[in-house]
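K.L.:
The sequence and its predicted three-dimensional model are supplied below.
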Amino acid sequence: MLPIYRSGSAPGSNKIVVNPASGGDRPSPTTWSPVRNPKVALFFLAFLPQFVDPSRGPVFVQFLALGVSMALLDTVYELLLVRLVSGIRQHYRRSRRLVAWQARVSAAVMIGLGLRLALQNR
């Protein structure tokens, strides 16, 4: 996660500065959390066997083929997602109107949630 700091010459300034994580191209610890998550392995151990047929060849090879194809499809999907989001990010960073609109909508949502919580019957 990128740390966000409020900065500016006047106290209470609304200017937001995002400081990117240092360390160059080194992956952050959050990059590896899905790999270390045992639920992922348990999901694949429960999901993949239904597609393995022992009469069609070695079970290990079938598991390997399914795992590799899943990893390739997931990688392609995530790369396309990153490409899409990076294009949107560039547009977002150039548009002051969009940033102001997002701030207003976010404020309205927070006020609405606060009112709902305040008026909720207990």
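P.N.:
It's in. Residues are numbered from 1 along each chain as shown.

K.L.:
What is the host helix or strand of residue 68 packed up against?
P.N.:
Element membership for residue 68 (DSSP states H and E) is helix 59-94. Helix 59-94 sits against helix 96-119, with contacts defined as 3 or more C-beta pairs under 8 Å, 6 or more residues apart in numbering; DSSP states H and E. (Each C-beta comes from the backbone N, C-alpha and C, glycine too.)

K.L.:
now the helix it packs on: how far from the chain's centre is it?
P.N.:
Centroid separation for helix 96-119 versus its chain: 22 Å, with C-alpha atoms, centre = their mean, to the nearest Å.

K.L.:
Show me where the chain dips below the pLDDT cut-off.
P.N.:
The model of the chain has pLDDT under 70 over residues 1-27, 34, 122.

K.L.:
Can you tell me the SS state at the residue sitting furthest away from the middle of it?
P.N.:
Of all residues in the chain, residue 55 sits farthest from the chain's C-alpha centroid, using C-alpha atoms, centre = their mean; the distance is 39.9 Å. Here residue 55 is recorded as helix under DSSP: H, G, I helix; E, B strand; the rest coil.
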